[in-house]
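1. Sequence plus predicted model, see below.
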Amino acid sequence: MATPLTDFLRGERPASLAIGGRIHGNATSPEKSAGAGFTVAHSGSTGIYTVTFGDSSLANKYQMASFVAMPSANSPVDVSAYRLVYDSNSYTDGAVQINCYKEAAAGVAATCTINCVAKNLMADTDYITLNDGLKSVVFEFDTAGDGVTAGRVQVNISGAINATDVAVILVTAINASDLDVTASNASGVVTVTHNLPGADGNATNSENVAGGTFTLTSFTGGADPGAMALTNLTDNDYIEFVACFVRNHTY
């Protein structure tokens with residue numbers, strides 16, 4: 001287990017050190033977590049912060065082995081949109097540079113809509129094909145309860161009556177399939193959403209249901225996350241981090 005920095009300051013020279021801190025959004029008054037031995041400061045350049053350790057003898061004797069941003073229940077910012085990266089070439093004079101990146105825009109998951117109809121408006125062996133961008137699955141509506149074509153997923157609606165009944169059964173079949181999607185029902189209208197954001201999810205679906213007003217759209221609206229860019233946290237937002245150091249073999 002890594003030794004806390006407080007033990008190091010008392011004179012110990014362990015094989016490893018664990019240091020926890022906080023990158024604060026206020027550039028003029030950066031904050032650190034409670035404890036002695038280091039400070040966090042904004043460098044004056046967008047998204048670049050400096051962690052300085054109180055004991056300068058750390059310099060060139062310990063090297064950073066890992067750096068991880070830690071989600072915190074007390075943090076008001078969504079840390080999943082941020083990436084904190086340490087510059088391994090900057091560790092001099094007891095300080096290390098931390099670069100704060102954020103996605104320019106969050107990714108968006110593609111969705112499609114299925115408007116179901118009552119069972120009596122459907123024919124046995126009607127089917128739809130859903131494509132999640134990597135694979136396609138055919139869902140066959142079984143109005144008689146006597147099975148479906150080999151290779152297709154059964155949607156047994158033999159006991160269904162209205163559109164909502166059909167939708168509930170279809171949602172169960174979709175969510176149990178190999179597709180990387182999640183389906184939900186609202187009064188006979190099924191919404192299918194990709195589990196991951198991205199434009200790759202904008203795939204074409206098809207349907208072969210002749211009766212009533214049954215409709216199926218293709219997946220649309222999926223968008224890739226924006227590029228990561230150096231950025232300052234704002235207001236009182238912060239991201240907590242843990243840095244682990246290992247002792248150089250020459251020390």
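-> Alright, I've got the coordinates.
2. What's the local residue count around Leu230?
-> 13 (other CB atoms under 10 Å). Placement of C-beta: from N, CA and C, glycine included.
3. Equivalent analysis for the one 4 residues further on, please.
-> Look at Thr234: counted by other CB under 10 Å, it has 10 neighbours.
4. Next: Thr172.
-> Counted by other CB under 10 Å, the residues lying close to Thr172 total 14.
5. And it, its phi and psi?
-> Per-residue torsions, Thr172: phi -60, psi -40 (degrees, to the nearest 10).
6. give the contact list for it.
-> Neighbour list for Thr172: empty [criterion: CB atoms under 8 Å, 6 or more residues apart in numbering].
7. right, and the secondary structure at Ala167 would be what?
-> The three-state label given to Ala167 by DSSP: H, G, I helix; E, B strand; the rest coil is helix.
8. Would you map the strands across the stretch 101-250 of the chain?
-> Residue ranges of the strands in the stretch 101-250 of the chain, as given by DSSP state E, counting those that start in this stretch, are 111-115, 127-131, 136-142, 153-156, 181-186, 189-194, 206-208, 215-216, 228-230, 238-247.
9. I'd like those as TSV, with mean pLDDT and distance to Val40 appended.
-> TSV is the format used below for the strands of the stretch 101-250 of the chain (pLDDT from 0 to 100; distance: least, CB to CB, whole Å):
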stretch	mean pLDDT	distance to Val40
strand 111-115	98	41
strand 127-131	98	48
strand 136-142	98	50
strand 153-156	98	54
strand 181-186	98	40
strand 189-194	98	38
strand 206-208	96	55
strand 215-216	97	53
strand 228-230	83	16
strand 238-247	74	9
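10. nearest to Arg83, of those?
-> strand 228-230 (6.2 Å; CB to CB).
11. Tabulate the strands of the stretch 101-250 of the chain in TSV, adding columns for distance to Val171.
-> Shown next, in TSV, are the strands of the stretch 101-250 of the chain (distance: least, CB to CB, whole Å):
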stretch	distance to Val171
strand 111-115	9
strand 127-131	12
strand 136-142	11
strand 153-156	10
strand 181-186	4
strand 189-194	6
strand 206-208	16
strand 215-216	14
strand 228-230	36
strand 238-247	38
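12. closest one to Thr46 among those strands?
-> Per CB to CB, nearest to Thr46 of these: strand 228-230, 5.2 Å.
13. and that closest one, how far from the chain's centre?
-> 17 Å (CA atoms, centre = their mean, to the nearest Å).
14. one step back: between the strands of the stretch 101-250 of the chain, which one is nearest to Ile19?
-> So among the strands of the stretch 101-250 of the chain, strand 238-247 is nearest, using CB to CB, at 4.7 Å.
15. Mind listing what's buried along that closest one?
-> By 16 or more other CB atoms under 10 Å, the buried positions in strand 238-247 come out as 238-241, 243, 245.
16. How about the contacts made by the residue lying closest to Leu84 once chain neighbours are set aside?
-> In space, Leu84 comes closest to Ala69 once its chain neighbours are excluded; the distance is 4.5 Å by CB to CB, 6 or more residues apart in numbering. Applying CB under 8 Å, 6+ apart to Ala69 gives the contacts 79, 82-84, 239-241.
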